[in-house]
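Colleague: sequence isn't available, so here's the structure alone:
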């Protein structure tokens, strides 16, 4: 074999970033790419730069597996930078052997340049090239990390998972989507694949995942769906097979990547299309229905993976919501007063049953600075979680205003002012407030809204006060009913929210339970609760009892 060196020119870069010289070869020689390392015969023949007009029939060029990866449309910006680095400095980094510290090698073999000694000296000295290569390598690693982050975030967006998507789940879904694309490439014999998803307005297709293409494709601008014939047809029919995209007919399909052949299938969530899957081949090829079936199966698999990611995010949000509701419920429970002997001969107790995890009502009692007993029960009109916050506002207002001299009407007006002024929305609360003298049993009571009350003893029961007025915060002036009462020995005062009567528990049933408790010397609330166990809890039920001389003696 005879090799005649010609005039050296800058050749095309190889996979390691070096440029190969163009050589003239005598007719009749056989060339192989597999030579002995370090020998003059161990060189790569640049297929893209033919050097002879007549090539013998026995001249064979052996292409290795990574030849397709060197196609122009598949070269990443990092590879292009190292090519430019080698061309500008005359040095290349040793990318085959990842060693520390970084090693730089000549970009062109010295043996091939022996005829021109002046060209043996690169334009940049080795020390400066090494320093520049170290900085560039650090930047390249940072770019790779950012591209990996972008790839994961694109899959998160594909699954409609943004801020609350767990890192572990995001990485798992990212890998599973890319594995599916890789398996589709291997099963069909294609060269690359890409996943495009529609935006919320269904006008543009965003690149969400790529395999076999440079990672910087994720930074491309969204493609308009209008004019994308293959994408539109895939959303109508099962799959679009494009055997040859090299001619004018191929341009009508408007493929997102330059390719010889392609397959496009749509991704559906139910009956709605959410995106498309593309498989690209570098060369035209005949496509059969089996390839279309594989592409459809991969599309369905990716849709399930994205749906599972979105469901995982929703479950995570639900868990956080449940934890927050549990915290609210625990706070409400600890804020309720516990049943106890409020004063000698006076026993008080209360209960709340709610179909929700939270409560929209509360009860409270205390001994006021003047020695009188205070009893209150409230229930917000709003049954949603906002009712719990409204009830808490009313409870705070009661605690702030009841520790100085007042009448029941005054305390109702002060709580009404607080609810009226602290929020622009309606904060409607039904409230019963009573004050009792523990020595005489005489008391005053005021009620606003749907709170019922009665007094019962050994000989029967009687209403405490008229109800059915407007709740607090309905207007600037509190609309309340006022009354006085006398609680004798052995009698029990009961107040309950609107949910008790709405459940079908009549005043007669409550009065009979109180009478039975007084005659048998039992806890009045315990007797009522056993009676109410037969009624389903459809609305919140709040009750409070104040007994004189029944269990307190």
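Modeller: Structure received. No experiment lies behind these values; they were computed from the predicted model shown.
Colleague: quick one: distance of stretch 280-293 to the chain centre.
Modeller: Relative to its chain's centre, stretch 280-293 lies at 37 Å (Cα atoms, centre = their mean, to the nearest Å).
Colleague: ugh, wrong one, stretch 319-332
Modeller: The answer for stretch 319-332 is 20 Å, by Cα atoms, centre = their mean.
Colleague: okay, buried residues for it please.
Modeller: The neighbour-count check on stretch 319-332 (16 or more other Cβ atoms under 10 Å) flags 328-329, 332 as buried. Quick note: C-beta positions are derived from backbone N, CA and C, even for glycine.
Colleague: check stretch 427-435 too.
Modeller: Result for stretch 427-435 [16+ other Cβ under 10 Å]: buried residues 427-435.
Colleague: could you do stretch 236-246 as well?
Modeller: 239-242, 245.
Colleague: next one: it to chain centre, how far?
Modeller: Relative to its chain's centre, stretch 236-246 lies at 35 Å (Cα atoms, centre = their mean).
Colleague: determine how far the last residue of it lies from the first.
Modeller: End-to-end distance for stretch 236-246, by Cα to Cα, to the nearest Å: 25 Å.
Colleague: averaged pLDDT, that stretch. What do you get?
Modeller: For stretch 236-246, the mean per-residue pLDDT is 90.
Colleague: go on, stretch 78-98?
Modeller: For stretch 78-98, the mean per-residue pLDDT is 73.
Colleague: equivalent analysis for stretch 385-402, please.
Modeller: For stretch 385-402, mean pLDDT is 90.
Colleague: residues in contact with it?
Modeller: Stretch 385-402 is contacted by residues 325, 328, 332, 335, 356, 358-362, 364, 366, 368, 374, 376, 378-382, 411, 414-415, 418-419, 422-423, 427-429, 431, 433, 472 when judged by Cβ atoms under 8 Å, 6 or more residues apart in numbering.
Colleague: could I have the ChimeraX command that selects the buried members from the residues you listed?
Modeller: Here is the ChimeraX selection string for the buried members of those, based on 16+ other Cβ under 10 Å:
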select :328,332,356,358,359,360,361,362,364,366,374,376,378,379,380,381,382,411,414,415,418,419,427,428,429,431,433,472
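Colleague: what's the local residue count around residue 345?
Modeller: 17 (other Cβ atoms under 10 Å).
Colleague: likewise residue 425?
Modeller: As a burial measure, residue 425 scores 9 neighbours (other Cβ under 10 Å).
Colleague: is it in a helix, a strand, or coil?
Modeller: Here residue 425 is recorded as coil under DSSP: H, G, I helix; E, B strand; the rest coil.
Colleague: quick check: it vs residue 387, distance?
Modeller: The gap separating residue 425 from residue 387 is 12 Å, by Cβ to Cβ, to the nearest Å.
Colleague: what pLDDT does the closest residue to residue 416 other than its chain neighbours get?
Modeller: Spatial nearest neighbour of residue 416, excluding adjacent residues (Cβ to Cβ, 6 or more residues apart in numbering): residue 478 at 3.9 Å. With respect to pLDDT, residue 478 scores 90.
Colleague: got the phi/psi numbers for residue 478?
Modeller: phi -70, psi 130 (degrees, to the nearest 10).
Colleague: that one contacts residue 413, correct?
Modeller: Yes: under the criterion of Cβ atoms under 8 Å, residue 478 makes contact with residue 413 at 4.6 Å.
Colleague: more neighbours: which of these two?
Modeller: Of the pair residue 478 and residue 413, residue 478 is the one with more neighbours under other Cβ under 10 Å, namely 25 against 20.
Colleague: which ones are touching that one?
Modeller: Applying Cβ under 8 Å, 6+ apart, the residues near residue 478 are 409, 412-413, 415-416, 448, 472.
Colleague: how much space separates residue 528 from residue 465?
Modeller: In terms of Cβ to Cβ, residue 528 sits 19 Å off from residue 465.
Colleague: with that, I have no additional questions.
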